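Enquirer: structure for the following, please:
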Amino acid sequence: MIIDIGNKCTECFKDTSCGSGRFVNRIPSGTDKYEGYLCSECQMMECEKCDKLSLEYIITDNGSIWCDDCNGGIV
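Expert: Have a look, this model is predicted:
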C-alpha cells in the first residue's frame, strides 16, 4: 500500500509546501512506499569531475555525471 505523504519529500521527509523554502524546484515523486514530492536537495547529483553537488547536470556519453560548470553550460 502506497502512503500519500502530501507535501513531504519522499527521500528526506522534509516539508516542500509553499513557504517552506523547498517549494521551488520540487518535483512529484513516488516510491514503493510513499507518494509526495522530491525536494531540490534530494535531486542533486555529485559531479564526477569536481565533486560538487548540483541540480543542473548532464550525463555524458560514457555515463559520467558532470555539473553545468564543468560542462561549460553546454547541453
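Enquirer: return the per-residue confidence for residue 51.
Expert: pLDDT, residue 51: 96.
Enquirer: likewise residue 60?
Expert: pLDDT, read off for residue 60, is 89.
Enquirer: just residue 75 next, same as before
Expert: 52.
Enquirer: over to residue 16?
Expert: At residue 16, pLDDT is 97.
Enquirer: so who does it touch?
Expert: 7-9, 22-23, 26, 36-37, 39 (CB atoms under 8 Å, 6 or more residues apart in numbering). Where you see a C-beta, it was placed from the backbone N, CA and C, and this is true even at glycine.
Enquirer: cutoff 6 Å now
Expert: By CB atoms under 6 Å, 6 or more residues apart in numbering, the contact list for residue 16 reads 7, 9, 22, 26, 37, 39.
Enquirer: most neighbours of all those residues, which one?
Expert: Ranked by the number of neighbours (other CB atoms under 10 Å), those place residue 39 first, at 27 neighbours.
Enquirer: contacts only, for it.
Expert: Contacts of residue 39 (CB under 6 Å, 6+ apart): 9, 16, 22, 26.
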